[in-house]
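Asks: A predicted structure for the sequence below; I have some questions about it.
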Amino acid sequence: MSAATIAFVSSSPLARVRAILIGSMGNLIEWYDVYAYSAFALYFSGSFFSAPSLEKQQLYAALIFASGFIARPFGGLLIGYFADRYGRRSAMMGSIMLMCFGSLMIALTPTVASIGIAAPIVLTLARIIQGISQGGEYGTSCTYLAEISEPQHRGLYSGVWYTTLIGGQLCAILVLLILQKLFLTSEQLKDWGWRIPFAIGALLALATFYMRRDMIETDHFKSAQKTMSRTGSLIELAAQWRMLLVVIGVTVGGTSAFYTYTTYMQKFLKLSVKLTDAQTTYVTAGSLLFAIILQPLYGALSDRIGRKPLLIGFGVMGVIGTYPLLSTLKEARDPWIALLIICCAWAIVSGYTSITAIVKAELFPTAVRALGVGLPYALTAAIFGGTIDSVALAFKNNGHEEWFYLYATALIFISLIVYLLLPDTQRNSRMEQHH
């Protein structure tokens with residue numbers, strides 16, 4: 001796609017969507033990487049950890065998974081600052097190359113049998129690099145989405161943007177399904193086949209870097225740059241501390257629910273519901289496909305009725321439904337019933353996921369938008385999102401799996417309070433403010 005084509009987005013809705021998708025491709029790679037780690041951890045954990053049981057190996061893998069999220073706030077700070085000072089395009093080019101490097105490290109890391117304790121150390125470093133990249137990518141791509149979208153269709157484009165996040169996970173699960181069914185045995189996957197998805201992730205990142213070469217800066221950033229304050233965006237950001245807290249409150253419940261039904265769900269289906277490997281993969285893929293369909297529909301609905309009703313709907317139904325949905329799912333032995341239950345959960349969670357990008361972007365002026373969205377989100381995702389697998393597995397290993405259902409419900413309840421107090425960002429948007 002040429003620069004001329006991208007410049008044409010103002011008059012062509014289709015071209016605008018294509019530009020948003022190119023800007024969002026980093027999210028697809030990010031979530032492909034995240035979900036590839038989560039989905040293939042069932043196969044590669046024995047290559048990095050010498051623990052005697054699968055549950056212990058999975059717990060150690062989950063802890064390293066969480067380390068990438070701990071690094072996200074640093075990425076949100078560094079790359080978000082760069083995006084607000086020097087441009088969205090340059091920041092997004094840099095973040096995608098970091099993704100490539102992190103994925104390549106995992107694909108090439110020797111096993112614990114070959115290099116001992118160095119194997120999990122290198123795996124941790126790779127996850128930290130991925131975390132820095134992902135922390136910066138989220139805020140910058142959210143900002144790019146918001147600034148390039150038509151005001152009356154920002155909710156729709158937010159839903160389109162979120163399809164790339166879930167689409168990345170779907171790509172990872174499809175890679176797993178293809179390898180499982182067509183090419184490799186379970187033993188081959190455990191031996192060396194788990195490296196394939198991470199090599200694919202590195203190649204996808206390179207392809208995205210190539211596609212982003214012709215991206216242009218948004219008019220919002222160019223206008224704000226002409227009057228950029230010499231005090232620096234960090235000082236300007238400090239003046240927005242109330243909005244930073246709002247982003248944290250908006251995110252807590254939604255990110256915990258999102259990770260529950262994505263990264264943790266495959267482990268839950270395998271270890272708790274007791275589905276087979278193939279059933280687990282089919283149910284996971286089917287639920288993600290259903291979630292993808294919902295995102296633009298919910299986003300378009302928010303353009304008509306506002307953002308707040310969808311957020312409150314998610315909050316209320318999440319508080320009421322999380323415990324019964326998860327407890328019922330645990331007892332399901334039919335994969336079709338399991339799929340139906342998870343789809344019901346997505347019908348609730350999509351009230352948050354479909355509009356989360358635009359809600360956060362609408363809270364900040366242009367000069368600090370990338371940093372204002374990315375930093376508090378990354379911090380919240382690190383504490384309450386990336387740790388979901390670890391928390392859930394810890395409860396399970398201690399014989400109190402149902403405590404996790406209560407934990408997830410409590411986080412949604414916190415966000416519900418914020419949603420009730422939050423003005424509708426569609427009607428109180430700060431998108432046109434530069435400072």
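Replies: All right, it came through fine. Numbering: from 1, shown residues only.

Asks: tell me which helix or strand residue 95 sits in.
Replies: Element membership for residue 95, per DSSP states H and E: helix 88-108.

Asks: how about residue 200?
Replies: helix 195-211.

Asks: would you map the helices across the stretch 251-400 of the chain?
Replies: Along the stretch 251-400 of the chain, the segments classed as helices by DSSP state H, counting those that start in this stretch run 265-271, 277-305, 307-331, 335-353, 356-361, 369-380, 388-397.

Asks: can I get those helices in a markdown table with mean pLDDT, mean neighbour count and distance to residue 258?
Replies: Bear in mind the C-beta positions are built from the backbone N, C-alpha and C, glycine included. Shown next, in a markdown table, are these (pLDDT from 0 to 100; neighbours: other C-beta atoms under 10 Å; distance: least, C-beta to C-beta, whole Å):
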| stretch | mean pLDDT | mean neighbour count | distance to residue 258 |
| --- | --- | --- | --- |
| helix 265-271 | 85 | 23 | 10 |
| helix 277-305 | 90 | 20 | 10 |
| helix 307-331 | 93 | 19 | 11 |
| helix 335-353 | 94 | 21 | 6 |
| helix 356-361 | 86 | 29 | 9 |
| helix 369-380 | 86 | 30 | 12 |
| helix 388-397 | 85 | 21 | 9 |
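
Asks: returning to that earlier point: just list what the helix or strand just after the helix holding residue 95 packs against, helices and strands only.
Replies: Next helix or strand after helix 88-108 toward the C-terminus (DSSP H and E): helix 112-115. Helix 112-115 sits against helix 13-48, helix 118-148, with contacts defined as 3 or more C-beta pairs under 8 Å, 6 or more residues apart in numbering; DSSP states H and E.

Asks: how about the CA coordinates for helix 112-115, as PDB?
Replies: Extracted in PDB, the C-alpha atoms of helix 112-115 (Å, rounded to 0.1, in the frame of the first residue of the first chain):
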ATOM      1  CA  VAL A 112      17.400 -26.900  29.600                       C
ATOM      2  CA  ALA A 113      19.000 -30.300  28.800                       C
ATOM      3  CA  SER A 114      21.500 -28.500  26.600                       C
ATOM      4  CA  ILE A 115      22.400 -25.300  28.500                       C
END
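
Asks: list of residues touching it?
Replies: If you take C-beta atoms under 8 Å, 6 or more residues apart in numbering as the criterion, helix 112-115 is touched by 47-50, 119-120, 122.

Asks: closest to residue 137 among these?
Replies: residue 122 (22.4 Å; C-beta to C-beta).

Asks: neighbours of the closest one, how many?
Replies: A count of neighbours around residue 122, defined by other C-beta atoms under 10 Å, yields 17.

Asks: ok, now how distant is it from residue 193?
Replies: Applying C-beta to C-beta, to the nearest Å, the value for residue 122 to residue 193 is 19 Å.

Asks: quick revisit: check which helices and strands the helix holding residue 200 sits against.
Replies: Under the contact criterion of 3+ C-beta pairs under 8 Å, 6+ apart, helix 195-211 touches helix 13-48, helix 88-108, helix 154-178.

Asks: please redo it, this time with the cut-off set to 6 Å
Replies: helix 13-48, helix 88-108 (3 or more C-beta pairs under 6 Å, 6 or more residues apart in numbering; DSSP states H and E).

Asks: and the last one, what does it pack onto?
Replies: The reference is to helix 88-108. Packing partners of helix 88-108 (3+ C-beta pairs under 6 Å, 6+ apart): helix 13-48, helix 72-86, helix 118-148, helix 195-211.

Asks: what would those look like in JSON lines with mean pLDDT?
Replies: Shown next, in JSON lines, are these (pLDDT from 0 to 100):
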{"stretch": "helix 13-48", "mean pLDDT": "77"}
{"stretch": "helix 72-86", "mean pLDDT": "85"}
{"stretch": "helix 118-148", "mean pLDDT": "86"}
{"stretch": "helix 195-211", "mean pLDDT": "89"}
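
Asks: mind putting the ones you listed in CSV, distance to residue 93 included?
Replies: Formatted as CSV, these follow (distance: least, C-beta to C-beta, whole Å):
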stretch, distance to residue 93
helix 13-48, 9
helix 72-86, 11
helix 118-148, 10
helix 195-211, 6
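
Asks: residue 283: which of these is closest?
Replies: Comparing the helices and strands packed on helix 88-108 by C-beta to C-beta, helix 13-48 comes nearest, at 12.5 Å.

Asks: how big is the angle separating the closest one from helix 277-305?
Replies: Orientation of helix 13-48 against helix 277-305 (axes from the mean of the first three to the mean of the last three C-alpha atoms, to 10 degrees) gives an angle of 150 degrees.

Asks: other SSEs contacting the very next helix or strand once past helix 13-48?
Replies: Toward the C-terminus, helix 13-48 is succeeded by helix 54-70 as the next helix or strand (DSSP H and E). Counting contacts by 3+ C-beta pairs under 6 Å, 6+ apart, helix 54-70 packs against helix 13-48, helix 118-148, helix 388-397.

Asks: let me know which of those helices is tucked in deepest.
Replies: For the helices and strands packed on helix 54-70, average neighbour numbers computed from mean count of other C-beta atoms under 10 Å are highest in helix 118-148, which has a mean of 26.

Asks: and it, how far out from the chain's middle?
Replies: Mean-position distance between helix 118-148 and its chain equals 10 Å (C-alpha atoms, centre = their mean, to the nearest Å).

Asks: what is the burial count for residue 274?
Replies: Residues lying near residue 274 (other C-beta under 10 Å) number 12.

Asks: go on, residue 417?
Replies: 12.

Asks: element containing it, please.
Replies: Following DSSP H and E, one finds residue 417 within helix 401-421.

Asks: if we can go back for a sec, which two of the contacts of helix 112-115 have the greatest separation?
Replies: Most distant of those, by C-beta to C-beta, are 50 and 122, 15.6 Å apart.
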